[in-house]
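A.B. asks: Kindly return the folded structure for what I paste below:
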Amino acid sequence: MNKKRYLPKIFYDWCKACGICSEFCPKSVISRDGYSVPLIEHPDNCVGCRFCELHCPDFAISIEELDDETEVNQS
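C.D. replies: Numbers count the residues shown, from 1 in each chain. Modelled structure (predicted):
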């Protein structure tokens, strides 16, 4: 049985760098740079809890459930 994989995506045009996503991520998937902008640092650790997606006040994060054929490709 394969473990489900998830890919968090940040829409930077909408993000105001409030820090909610990085502060409350239970697996430390999201960190912040020197300007408090969120970074997806450890996407393989995402468990799909969607806390970041549900609590983002700007709807700037989405969580995509990956299937076996989907490659993780962040650009």
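A.B. asks: And for E64, nearest residue in space, chain neighbours not counted?
C.D. replies: In space, and not counting its chain neighbours, E64 is closest to L7: 4.6 Å by Cβ to Cβ, 6 or more residues apart in numbering. Backbone N, C-alpha and C define where each C-beta goes, glycine included.
A.B. asks: The one you found: helix or strand, and which one exactly?
C.D. replies: Under the criterion of DSSP states H and E, L7 resides in strand 5-10.
A.B. asks: ok so, going back, can you report how many residues neighbour the residue nearest to E64?
C.D. replies: Applying other Cβ atoms under 10 Å, we find 20 residues neighbouring L7.
A.B. asks: That one contacts I61, doesn't it?
C.D. replies: No. Between L7 and I61 there is no contact, the gap being 11.0 Å when judged by Cβ atoms under 8 Å.
A.B. asks: any idea how far the closest residue to R5 other than its chain neighbours is from F24?
C.D. replies: Spatial nearest neighbour of R5, chain neighbours left out: L66 (4.3 Å); criterion: Cβ to Cβ, 6+ apart. Using Cβ to Cβ, to the nearest Å, one gets 22 Å for the distance from L66 to F24.
A.B. asks: ok, how many other residues are close to E23?
C.D. replies: E23, neighbours per other Cβ under 10 Å, totals 12.
A.B. asks: Next, the buried residues of stretch 32-49.
C.D. replies: Buried residues in stretch 32-49, counted by 16 or more other Cβ atoms under 10 Å: 38, 40, 43, 46.
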